[in-house]
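Colleague: Predicted model, plus sequence, below.
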Amino acid sequence: MPAADPARRNPDSWRAILDATYAILEEDGYQAVTMSAVVARAGVGRQTLYRWWTSKAALVFEAFLHKVNTGPPPMSDGTLPDRLRTYAHGFLALYVEGTAGRRLRELIGAAQSDPDLARALEEKWFEPRRAPVREAMREAQAAGEIRADVDPDTALDLVFAPLHYRLLVSGGPVDGAYVDSVVDLALTALDPRAHPTTGRPGTG
């Protein structure tokens, strides 16, 4: 059954539920968030909770978005290198320097064994942030600024996969110098001058 229309939710109950959910997440982590625990803490009926959210993942992620309240960094009107650097440093500001970074890293970890949470992260967090950069990549390809034979999503992964790997797996430092070095390496790999037969459509 689909979740109820958000516009029809009681705002006080909605806020109490999201506050309770995020408080449990902050105190004890994702695994500790249960519908029963949220009901007890928020002081609402179980029916209300299940009518508004169809799964724990949907509830936790909405609570996270409600508290974090941040969107993708605005795309600049500069060159693709400037745009990529802006986005990569936005990653640094959010995941490493921002107060929400720890919670977001935990949600990404929990998503590895929770398909619903993984889908929510992909649809409501990652894709809205990748889409404008993907479009900037396509514009740069059309203008001959970067290789036309590279899939834009693969090009995005050249920048953001190393950042996620250090942050979530190796524990290596993720700072401004590292972010700039990753962006520089990705731009070198995408430079059509280094691959003259693949620079524009139809030339390779």
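Modeller: That came through, no problem.

Colleague: So which residues of this protein form helices?
Modeller: Taking DSSP state H as the criterion, the chain contains helices spanning 11-28, 35-42, 46-52, 56-68, 80-91, 101-111, 115-121, 127-142, 152-165, 176-190.

Colleague: Can you list the low-confidence ranges for this protein?
Modeller: For the chain, the stretches with pLDDT under 70 are 1-8, 69-77, 195-204.

Colleague: Looks like Gly172 contacts His164 (just checking).
Modeller: No: look at Gly172 against His164 with CB atoms under 8 Å: they stay out of range, at 11.6 Å. C-betas here are computed from N, CA, C, even on glycine.

Colleague: between these two, which one's more packed in?
Modeller: Taking other CB atoms under 10 Å, Gly172 and His164 do not tie; His164 has more neighbours (15 against 11).

Colleague: how about that one, what does it touch?
Modeller: Ile108 (CB atoms under 8 Å, 6 or more residues apart in numbering).

Colleague: what's the distance between the nearest residue to Asp180 once chain neighbours are set aside and Glu97?
Modeller: The shortest distance from Asp180 to any non-neighbouring residue, by CB to CB, 6 or more residues apart in numbering, is to Arg85 (7.0 Å). According to CB to CB, to the nearest Å, Arg85 and Glu97 sit 16 Å apart.

Colleague: who has more neighbours, those two?
Modeller: More crowded of Arg85 and Glu97, by other CB under 10 Å: Arg85, with 19 against 12.

Colleague: So what does Glu145 have for phi and psi?
Modeller: phi -80, psi -30 (degrees, to the nearest 10).

Colleague: Repeat that for Thr54.
Modeller: Thr54 adopts backbone torsions of phi -80, psi -10, taken as degrees, to the nearest 10.
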